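[1] quick one, what's the 3D model for this:
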Amino acid sequence: MPNTILVDTGFLVALFRRGDPYYASAKSLLAGRLKRERPRLVTIYPVITETCFFFQPADGALFLDWVHQGGVVLRQIEPSHLPEIAALLRRYADQRIDLADAGLIWLAGQEKTNRVLTTDRRDFSIYRTPDGRPFERVWLADEGRKRSCRYRCARLPDTSASVPPVFGWDGRERNEPGYLRRPG
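    A predicted model of the protein is given here:
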């Protein structure tokens with residue numbers, strides 16, 4: 001789908017962790033460009049699981065509430081999809097690919113998109129969609145700053161996540177008059 005953007009762990013962590021170097025940029029992107037363009041933000045459960053790993057339980061609960069309220073669309077990975085994802089794990093084994101990234105590559109094929117919200121410049125510069133296209137990293141905050149390590153290296157300190165707004169399909173925030181929940 002042309003107006004679909006895949007969502008990776010780095011963006012979600014940045015969106016909910018005030019101490020993250022990309023926090024302000026992630027919040028600004030959600031409240032600005034993404035609110036105007038209203039793309040369909042899609043991810044998979046391995047990304048949700050990986051994201052929760054970086055939060056304290058209370059912050060993880062806030063994040064899951066946001067997901068439940070429609071912050072992102074969750075696509076299921078069925079058992080029949082596992083051979084495709086396993087093939088991606090094998091293909092990119094030299095890159096130390098994890099299940100979340102392999103699942104997003106698989107999802108790119110399912111959703112027919114190459115757009116991804118990620119802080120992972122290196123890997124998503126190497127990965128290709130199932131039809132061979134390079135990924136378009138929609139959000140790369142702070143080009144000059146490099147992360148000291150990949151998110152999977154270590155837990156980040158708790159900085160009391162705040163819940164970003166959830167926008168209805170009409171572009172209004174949940175607490176605005178006339179807010180419309182996503183259909184379905």
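[2] and residue 121, how far is that from residue 22?
    12 Å (C-beta to C-beta, to the nearest Å). The way it works is simple: take the backbone N, C-alpha and C, and place the C-beta from them, glycine included.
[3] one more: residue 98?
    20 Å.
[4] same question for residue 74.
    From residue 74 over to residue 22 (counting by C-beta to C-beta), the distance is 22 Å.
[5] who has more neighbours, the two?
    residue 22 (21 against 14; other C-beta atoms under 10 Å).
[6] how far away is the closest residue to the more buried one other than its chain neighbours from residue 123?
    Leaving aside its sequence neighbours, residue 22 sits nearest to residue 14 (C-beta to C-beta, 6 or more residues apart in numbering; 3.7 Å). Distance, residue 14 to residue 123, using C-beta to C-beta: 16 Å.
[7] hang on, residue 133 packs against residue 114?
    Yes - between residue 133 and residue 114 a contact is recorded at 4.6 Å, counting by C-beta atoms under 8 Å.
[8] neighbour count: the two, which is higher?
    Neighbours of residue 133 and residue 114, each counted by other C-beta under 10 Å, are more numerous for residue 114; the result is 22 against 11.
[9] verify the contact between that one and residue 132 for me.
    No - the pair residue 114 / residue 132 is not scored as a contact, 9.8 Å apart, by C-beta under 8 Å.
[10] which residues of this structure score low on pLDDT?
    Low-confidence segments of the chain (pLDDT under 70): 1-2, 140-184.
[11] mind exporting the C-alpha coordinates of the helix or strand containing the residue nearest to residue 22 to CSV?
    If you go by DSSP states H and E, residue 14 is part of helix 9-16. Presented in CSV, the C-alpha positions along helix 9-16 are these (Å, rounded to 0.1, in the frame of the first residue of the first chain):
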residue,chain,number,x,y,z
THR,A,9,11.7,-0.7,17.4
GLY,A,10,14.0,2.4,17.5
PHE,A,11,11.2,4.8,16.5
LEU,A,12,8.9,3.3,19.1
VAL,A,13,11.5,3.5,21.9
ALA,A,14,12.4,7.1,20.9
LEU,A,15,8.7,8.0,20.9
PHE,A,16,8.2,6.8,24.5
